[in-house]
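>>> Pasted the sequence and its predicted model underneath.
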Amino acid sequence: MITFQNVSFSYEKGVFVVEDLNFTIQKGETVGLIGANGAGKSTIMKLLLGLLAGTGEIRVDDLPVCKENLARIRRKVGFVLQDSDNQMFMPTVYEDMIFGPRNYGLTREEADKRVDEVLHSLGLTELKHRYNHKISGGEKRMAAIATILAMEPEVILMDEPSTALDPVNRRTVINTINRLPQTKLIASHDLDMILDTCQRVILLSHGHIAADGDAQTILRDEALLEANRMELPLCLQPARK
């Protein structure tokens, strides 16, 4: 579903944010993208969406990410931003959710039906006509996910989906991620959340892949994580006396 082949990108000439990246994500996989600040996680997502252009080749569902294909690719890929305030720009949850489907050519009736189906599946029906500025951060994060699902993407990108959530809303987001059948790429510093949601992890360090494999194996490797400026998930750390 996603292929990066010899992909490099630099904001400044000769200073690479990511360099010679090679990886493939299969359809239906849920992959965690982890690494210290500046490792290149957000850059990878922006390259995937065509918001940045580097060298090498990126493909989504065998479509090259290039100017000519961006409209088709962005219909296939939904992006849940770290800050929901930057994603929810209409007055109400309903208006945000209907915006994408209507722009994709659905009738009002078709778009309404899709909105209702998504909200029902997430247990969020009560949010439909709520004003975005009057719902909690956790509710807004769930509404942002619903907005993306209403566009029926084949791939979902999530940037720090558990940031600033209380324990109940964090668990709700984790359960939602685990129910979604789409291919998912999740960038996060919350390694406990990655452990709960991802079967595979790609560990980035200074724009390179330091490890790529089974999430349980990588997230339990204390020496590997420490060598890349990270720590074990909290649930795996020894209890302090």
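Thanks, I have it. Numbers count the residues shown, from 1 in each chain.
>>> What residues are bridge-paired with residue 158?
Here residue 158 shows beta-bridge partners residue 80, residue 186, assigned using DSSP bridges.
>>> I figured it hits residue 190, correct?
No - Residue 158 is beyond contact range of residue 190, at 11.0 Å (criterion: Cβ atoms under 8 Å). Glycine gets a C-beta too; all of them are placed from N, C-alpha and C.
>>> Neighbour count: those two, which is higher?
It is residue 158, of residue 158 and residue 190, that has more neighbours when counted by other Cβ atoms under 10 Å, with 27 against 21.
>>> What are the contacting residues of whichever helix in the chain runs longest?
As assigned by DSSP state H, the longest helix anywhere in the chain is helix 108-122. With contacts defined as Cβ atoms under 8 Å, 6 or more residues apart in numbering, helix 108-122 is touched by 94, 97-98, 101-102, 106, 125, 127-128, 142, 145-146, 149-150, 152, 176.
>>> quick one: the nearest residue to residue 165 once chain neighbours are set aside and residue 31, what's the gap?
What sits nearest to residue 165 in space, not counting adjacent residues and going by Cβ to Cβ, 6 or more residues apart in numbering, is residue 138, at 5.1 Å. With distances taken as Cβ to Cβ, to the nearest Å, residue 138 is found 24 Å from residue 31.
>>> of those two, who's got more company?
More neighbours surround residue 31 than the other of residue 138 and residue 31, with 22 against 19 (other Cβ under 10 Å).
>>> got the contact list for the residue positioned nearest the centre of the chain?
By Cα atoms, centre = their mean, the chain has its centre lying nearest to residue 158, at 1.5 Å. By Cβ under 8 Å, 6+ apart, the contact set of residue 158 is 80, 177, 184-188.
>>> If we use 7 Å, what do you get?
80, 184, 186-187 (Cβ atoms under 7 Å, 6 or more residues apart in numbering).
>>> If any of those residues are buried, give me the PyMOL selection for them.
Restricted to buried positions by 16 or more other Cβ atoms under 10 Å, the PyMOL selection for the contacts of residue 158 reads:
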select buried, resi 80+184+186+187
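>>> Can you lay out the contacts of residue 158 as TSV showing pLDDT and distance to residue 210?
Listed next are those as TSV, based on pLDDT from 0 to 100; distance: Cβ to Cβ, whole Å:
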residue	pLDDT	distance to residue 210
80	90	25
184	96	21
186	96	18
187	96	15
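>>> The contacts of residue 158 into a markdown table, with extra columns for distance to residue 1?
Listed next are those as a markdown table, based on distance: Cβ to Cβ, whole Å:
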| residue | distance to residue 1 |
| --- | --- |
| 80 | 17 |
| 184 | 10 |
| 186 | 15 |
| 187 | 17 |
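>>> just the contacts of residue 158 now: which is nearest residue 18?
In terms of Cβ to Cβ, no member of the contacts of residue 158 lies closer to residue 18 than residue 187, at 12.7 Å.
>>> Now do that closest one against residue 221, distance only.
Taking Cβ to Cβ, one finds residue 187 at 19 Å from residue 221.
>>> Residue 54 now?
Residue 54 sits 29 Å away from residue 221, going by Cβ to Cβ.
>>> More neighbours: which of these two?
residue 54 (22 against 16).
>>> check contacts around that one.
Contacts of residue 54 (Cβ under 7 Å, 6+ apart): 7-9, 47.
>>> So which of the contacts of residue 158 is the closest to residue 170?
The closest of those to residue 170 turns out to be residue 186 (Cβ to Cβ; 13.3 Å).
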